[in-house]
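J.: when you get a sec, could you give me coordinates for this:
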Amino acid sequence: MRTSVLTLLLLLFALITNAQSAYVRLITNKGNITLVLYDQTPKHRDMFLQAIKKGLYNNAQFNRVIKSFVSQGGELDETILEREKLHPEVPIQRLTAEITPKLFHKKGALGAGRNDNPEKSSYLTQIYLVVGKLQTDEQLDVLEKKKGIKLSPSQRTTYKTIGGTPHLDNDYTVFGEIVEGMEVADAINGVKTDINDLPLETVTFKPVVLSKKEVLKLKKVE
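T.: Predicted coordinates:
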């Protein structure tokens, strides 16, 4: 039964990734991670691609790592909020949330960070990769009741067999996922940190948009 479920999940994964048009590789000092950006979240997809083109993620770091939860990269909350505080004359820029129940916080998901704003709007220069934990039916039942949501059977299966951070669902925009290099993401999430979840070693990344030729090669491998 477990084998059949995993086979079905892999088939669904293949269908999703083959339908997408944009792929990004994070070149890190721990290895490479390849991401597919969802076409179902076009504003966040385009925001990330434009930020890469403008060089906003040059010399970027995974600067907040919470084990078995997420690895956050780009600008820190404190840096963004302090800059906005120092320049009140500049309108605060956020991207409208693109939250959809079908795109959830499974292990390997790519999300957009944000502060505690009621609109759930995203920062323009902060991303995170989900690592999370395996969930039980009991934990998911409690979560559904607490958040007032209903997970689909496939989502529950994914959380129980692959893992993730379901308590972030419906609160943050998920706009992509890892298609290669999950072991690298795990290594990043495993670095030593201080009491504020700041890595004690520098973990850098540079995002590069894959060419059409590279995407075709990637899909053949899949």
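
J.: how about Val36, secondary structure?
T.: Following DSSP: H, G, I helix; E, B strand; the rest coil, we place Val36 in the strand state.

J.: quick one, helices of the protein?
T.: 2-19, 42-54, 77-86, 137-147, 153-161, 182-189, 212-221 (DSSP state H).

J.: you'd agree His167 is up against Lys147?
T.: Yes: in this structure His167 lies within contact range of Lys147 using CB atoms under 8 Å: 7.2 Å. To be clear about C-beta, it is placed using only N, CA and C from the backbone, and glycine gets the same treatment.

J.: and the residue nearest to Ile178 when sequence neighbours are not counted, how far from Leu76?
T.: Of all residues not flanking Ile178 in the chain, Gly108 sits nearest, at 3.9 Å (CB to CB, 6 or more residues apart in numbering). From Gly108 across to Leu76, the span is 23 Å (CB to CB, to the nearest Å).

J.: tell me where this structure is predicted with low confidence.
T.: 1-19, 221-222 (pLDDT under 70).

J.: tell me the centre residue of it?
T.: Nearest residue to the geometric centre of the chain (CA atoms, centre = their mean): Leu110, 1.5 Å.

J.: and Ile92, what is it in contact with?
T.: Listed by CB atoms under 8 Å, 6 or more residues apart in numbering, the contact set of Ile92 reads Glu84.

J.: let me know the distance separating it from Gly176.
T.: For Ile92, the distance to Gly176 - CB to CB - is 25 Å.

J.: ok, back up a step: which of Gly108 and Leu76 has more neighbours?
T.: Gly108 (23 against 17; other CB atoms under 10 Å).

J.: contacts only, for that one.
T.: Contact analysis of Gly108 by CB under 8 Å, 6+ apart lists 129-130, 162, 177-178, 182, 185.

J.: and stretch 21-39, C-alpha only, in CSV?
T.: Taking C-alpha atoms only, stretch 21-39 is exported to CSV below (Å, rounded to 0.1, in the frame of the first residue of the first chain):
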residue,chain,number,x,y,z
SER,A,21,7.7,26.9,-17.4
ALA,A,22,10.2,28.5,-15.1
TYR,A,23,13.1,26.7,-13.3
VAL,A,24,15.8,28.2,-11.0
ARG,A,25,19.0,26.7,-9.7
LEU,A,26,20.3,27.8,-6.3
ILE,A,27,24.1,27.5,-6.5
THR,A,28,25.1,27.2,-2.8
ASN,A,29,28.3,26.4,-1.0
LYS,A,30,26.7,23.2,0.1
GLY,A,31,25.7,22.1,-3.4
ASN,A,32,23.0,22.9,-5.9
ILE,A,33,19.2,23.0,-5.5
THR,A,34,16.9,23.2,-8.5
LEU,A,35,13.5,24.7,-8.1
VAL,A,36,10.4,24.8,-10.3
LEU,A,37,8.3,27.9,-10.0
TYR,A,38,4.6,27.4,-10.1
ASP,A,39,2.6,29.0,-12.9
